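>>> after the sequence you'll find the predicted model.
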Amino acid sequence: MLSSIPTSGAAAPLRPQPARQVEGLMQRTPLLISTLIEHAALYHSQREVVSRLPELGPKGASHRTNYAQIHARSKKLANALTKELGVSLGTVVGTLAFNTFRHLEAYYGVSGCGAILHTINPRLFLEQLEYIINHAEDHVLLVDGGCVPVLLQLLARGKLHCKNFVMLVGRAQMPADPRLQDGAGGIRVWCYEELLARHSEEYVWPVFDENTASSLCYTSGTTGNPKGVLYSHRSTVLHTMAVCARDVLSIASSDSILAIVPLFHANAWGVPYAACITGAKLVLPGVALDGKSVYDLIRSEQVTFSFGVPTVFLGLFQYLDAQKITDVAPLERVVIGGAAPPRAMISRLMFDLGVRVIQGWGMTEMSPLGTVTGLLLPQHQSLSADEKLTLSCKAGRVMYGVAMKVVDDDGRELPRDGKSAGELLVAGPWITRGYYKDSKANTERDGYFKTGDISTLDADGYMSITDRSKDVIKSGGEWISSIDLENEAANHPQVAEAAVIGLPHPKYTERPLLVVVKKAGSTLTASELLSWLAARVAKWWVPEAVEFVEELPHTATGKLKKIDLRKKYKGYTWPMESGAGQAIKAKL
């Protein structure tokens, strides 16, 4: 009837169609790490990979190879692992190694065959190394020449479950120590180059579900035992594609990348994968990270892009100053992570040396990248140089693929106004949902990972960290647990109570200060206490200084009020700066 047809106003809504899910007709090719090195070998085959090898000395000659050869040798390694060393899908293969081409081959040979690559920080304290290797259940350990002393110390303790060791050297560099001979004490030992020589490069990378575990890293950024983060092929490839974007790290085939960040630190921030996907030249510095070595590599290898922690760039500055060098060309940009770089460092790189600074923030649990300062947004182009510097000093802008929010104690999301501080939560396809073999860890809140940082977010996505909810200290890119350090100090027979706080340091960004209440009648000195700790914790954990006090501040429930200690020692002058404390460090 005509009367039922509206003659004015909005048209009647259309009848809803039945809901149905329609799948696209795209191929279901899994995202696998092996495809990255395959791509590099096919389309960037002659692009160089340069390594300074530990067995040639810290400043030894460089070894040169390319992506085609890395691919071929990775397949040889995959054959050796699966046909001779009993490795299969899901087997954990550990590495104790620095940045060399052989470690890079393990990145692809291990994960590519379906095993799990477990990169281990050889600088950790022996008890932590022992725990990590045993907890991960490493079937084989790949060990380079520079880590042999660490392995010998581990074997001497007699608690290591792993009995199979591949030395990442040629026959001439095999260790002569009788404790590392094949069959000694029930262990098996292989020479890497001889192992590869016995196997063919004819190997077809297996195809499996992209959610299969690919690699494993442990973070010591928590109290207690280190926690394992288990990455997947999918998460790794997605993270790789994301970090190469123009507004993130802008990596291209024209780049020559100096990977100062260790391959055992959170997948070297994704550099080994990003270099392959783009075909960038990759320079691996081995163990020599002093200012002269870094500068020489920048010059000789025409480095355009470098990744490292703040302490490395401080060492570079010291060398430049000593030699009166004012130019670091062709270096164009650097990524500084692991710890927040001082404003003065960013300023010098940007304004004195003409190097763009990309500050990156993330966590091992995030694969690791979550924010970068990257390129300025259009609305920031007209800012003054000082205002641009201020933006560069922030932790960075949220990158695509990472959902991020700040919440209050009740879980309510706070405004993105750059002022409201709360607990930082993150989510995304390359962020962990839990720790390896640890179902009890309280890691999530409403589907978001709890970072443990107190932060602010602004409308442009810039994130700033204002504090840490966990009492951990990040010194030179390495985590120190203040609670674990306090417990060790409190074990001293003359210590009644101990507290550790992190304070700004001119070289290492942050260092631990130990504040101690001595037992009645004690004659304990700072040097004696530091010597006690040096025998019980990792070298870099040893506090920079000790302050003796009559009492420590506590809350009503008896907890240490570290906020009061931080206020008390704000602006603290370290003993080494003031000329005191030389005797303490000399004894250590």
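Arrived safely, thanks for sending.
>>> domain-wise, how is this protein divided?
The chain breaks down into these structural domains: 34-51+61-235, 472-587 (assignment by automatic domain parsing).
>>> I'd like those domains as TSV, with mean neighbour count and mean pLDDT appended.
For the C-beta atoms, the positions are set from N, CA and C on the backbone; glycine is no exception. Below are the domains of the chain laid out as TSV (neighbours: other C-beta atoms under 10 Å; pLDDT from 0 to 100):
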stretch	mean neighbour count	mean pLDDT
domain 34-51+61-235	19	96
domain 472-587	17	82
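>>> using JSON lines, please lay out the ones you listed together with distance to Pro330.
Converted to JSON lines, the domains of the chain look like this (distance: least, C-beta to C-beta, whole Å):
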{"stretch": "domain 34-51+61-235", "distance to Pro330": "15"}
{"stretch": "domain 472-587", "distance to Pro330": "25"}
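>>> so for Leu353, which of those domains sits nearest?
With C-beta to C-beta as the measure, domain 472-587 is the member of the domains of the chain nearest Leu353 (18.8 Å).
>>> quick one, strands of the stretch 1-150 of the chain?
When secondary structure is read from DSSP state E, counting those that start in this stretch, the stretch 1-150 of the chain shows strands at 48-52, 62-66, 92-96, 116-119, 140-143.
>>> likewise the stretch 151-300 of the chain?
If DSSP E, counting those that start in this stretch is used as the criterion, the strands of the stretch 151-300 of the chain fall at 164-167, 188-191, 213-219, 227-232, 256-259, 281-284.
>>> now find how far off-centre the fifth one is within its chain.
Taking C-alpha atoms, centre = their mean, to the nearest Å, one finds the center of strand 256-259 at 16 Å from the center of the full chain.
>>> now swap in the last one and tell me
Here strand 281-284 is found 18 Å from its chain centre; the criterion is C-alpha atoms, centre = their mean.
>>> what lies in contact with it?
Contacts with strand 281-284, where a contact means C-beta atoms under 8 Å, 6 or more residues apart in numbering, come from 47-52, 99-101, 103-104, 255-259, 263, 271-272, 275, 297, 301, 303.
>>> which other helices and strands does the helix ranked longest in the chain contact?
Once the chain is assigned using DSSP state H, the helix that runs over the most residues is helix 67-83. Under the contact criterion of 3 or more C-beta pairs under 8 Å, 6 or more residues apart in numbering; DSSP states H and E, helix 67-83 touches helix 34-43, helix 101-112, helix 192-197.
>>> list the contacts of the longest one.
Helix 101-112 is contacted from outside by 32-34, 36-37, 49, 51, 63, 65, 70-71, 73-78, 81, 87, 93, 95, 97, 116-117, 142, 144, 168, 192, 205, 214-215, 233, 236, 263, 272-273, 282, 284, using C-beta under 8 Å, 6+ apart.
>>> among the helices and strands packed on helix 67-83, which is nearest Ala322?
Put simply, out of those the one that sits nearest Ala322 is helix 101-112, at 31.1 Å, with distance taken as C-beta to C-beta.
>>> mind checking how far the closest one is from the chain centre?
Between the centre of helix 101-112 and the centre of its host chain there is 18 Å, according to C-alpha atoms, centre = their mean.
>>> also stretch 79-86?
Here stretch 79-86 is found 29 Å from its chain centre; the criterion is C-alpha atoms, centre = their mean.
>>> contacts for it?
In this structure, residues lying in contact with stretch 79-86 by C-beta under 8 Å, 6+ apart are 87-88, 91, 93, 109-110, 113, 115, 139-140, 164, 166, 190, 195-196, 198-203.
>>> CA atoms of it as PDB?
Listed next in PDB are the C-alpha coordinates belonging to stretch 79-86 (Å, rounded to 0.1, in the frame of the first residue of the first chain):
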ATOM      1  CA  ASN A  79      71.700 -32.000   8.200                       C
ATOM      2  CA  ALA A  80      74.300 -32.500  10.900                       C
ATOM      3  CA  LEU A  81      71.900 -31.800  13.700                       C
ATOM      4  CA  THR A  82      69.200 -34.100  12.400                       C
ATOM      5  CA  LYS A  83      71.300 -36.900  11.100                       C
ATOM      6  CA  GLU A  84      74.200 -37.100  13.600                       C
ATOM      7  CA  LEU A  85      73.300 -35.200  16.800                       C
ATOM      8  CA  GLY A  86      69.800 -36.600  17.400                       C
END
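>>> tell me how far the longest helix of the chain lies from the chain's centre.
Distance, centroid of helix 67-83 to centroid of chain: 25 Å (C-alpha atoms, centre = their mean).
>>> and that helix with strand 62-66, angle?
Helix 67-83 runs at 90 degrees relative to strand 62-66, counting by axes from the mean of the first three to the mean of the last three C-alpha atoms, to 10 degrees.
>>> what's the angle from helix 67-83 to helix 101-112?
With the same axes, to 10 degrees as the criterion, the two stretches helix 67-83 and helix 101-112 enclose an angle of 60 degrees.
>>> next, the angle from helix 67-83 to strand 92-96.
Put simply, helix 67-83 runs at 130 degrees to strand 92-96, going by the same axes, to 10 degrees.
>>> rewinding a little: can you redo the strands of the stretch 151-300 of the chain as JSON lines with distance to Ile336?
Written out in JSON lines, the entries for those read as follows (distance: least, C-beta to C-beta, whole Å):
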{"stretch": "strand 164-167", "distance to Ile336": "34"}
{"stretch": "strand 188-191", "distance to Ile336": "38"}
{"stretch": "strand 213-219", "distance to Ile336": "19"}
{"stretch": "strand 227-232", "distance to Ile336": "22"}
{"stretch": "strand 256-259", "distance to Ile336": "13"}
{"stretch": "strand 281-284", "distance to Ile336": "17"}
